[in-house]
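coords please:
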Amino acid sequence: QEQLEESGGGLVQAGGSLRLACTASGRMYPSSVMGWFRQAPGKGREFVAARRSGGSIYYGDSVRGRFTISRDNSSNTVYLQMNNLKPEDTAVYYCAADRAIGLATIRMAREYHVWGQGTQVTVSP
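Residues are numbered from 1 along each chain as shown. Coordinates of the predicted model:
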């Protein structure tokens, strides 16, 4: 059974940085799409970034230029480096994965069938 576990959340001041990690276990890694979503209180789940095993990378408009997704195949881990954080980045961040997702739907949460438990990121003004 595939499992994902996030780590690295916390409290940071605006302008600061955090790095999230997502460690995968099971058959999916590394032949899969790995992504990050976030959910703020009272809002839906928002696409943040995704990376295919072949290397293609995608970002949400609100984080492009500030966040970087990467993966380390040797440790089965996907990272999300978050720089220049803003209060509006405050949310629970979820790691997600699936075997294959098309380009048209890679930003849709419903396409991902394996999810982590989430890690809280809080950015103070």
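
could you say which helix or strand contains the residue most central in space within the chain?
Residue closest to the mean C-alpha point of the chain, counted by C-alpha atoms, centre = their mean, is Trp36 at 1.9 Å. Following DSSP states H and E, the helix or strand that holds Trp36 is strand 33-39.

any idea how far Trp36 is from Gln1?
Computed as C-beta to C-beta, to the nearest Å, the Trp36 to Gln1 distance reads 21 Å. (Each C-beta comes from the backbone N, C-alpha and C, glycine too.)

The strand holding Trp36: which residues count as buried?
If you call a residue buried by 16 or more other C-beta atoms under 10 Å, then strand 33-39 has these buried ones: 33-38.

cool, stretch 51-64 as well?
Counting neighbours by 16+ other C-beta under 10 Å, one finds that the buried residues in stretch 51-64 are 51-53, 58-60, 63.

Next step: those restricted to strands.
Where the buried residues of stretch 51-64 overlap with strands, as defined by DSSP state E, the overlap consists of 51, 58-59.

Ser75: neighbour count?
For Ser75, the number of neighbouring residues by other C-beta atoms under 10 Å comes to 11.

could I get the ones in strands among the buried residues of stretch 51-64 as a markdown table with pLDDT and distance to Leu18?
Compiled in a markdown table, these are given as follows (pLDDT from 0 to 100; distance: C-beta to C-beta, whole Å):
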| residue | pLDDT | distance to Leu18 |
| --- | --- | --- |
| Arg51 | 94 | 18 |
| Tyr58 | 97 | 20 |
| Tyr59 | 98 | 16 |
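
Quickly name whichever of those residues is closest to Ala91.
Sorting those by how near they are to Ala91, with C-beta to C-beta, puts Tyr59 at the top with 15.6 Å.

What sits closest to Tyr93 if chain neighbours are left out?
The shortest distance from Tyr93 to any non-neighbouring residue, by C-beta to C-beta, 6 or more residues apart in numbering, is to Arg38 (4.8 Å).

Dig out what the one you found forms beta bridges with.
According to DSSP bridges, the partner residues bridging Arg38 are Glu46, Tyr93.

what do you get for Gly10?
The partner residues for Gly10, given DSSP bridges, come to Val121.

mind checking pLDDT for it?
pLDDT, Gly10: 97.
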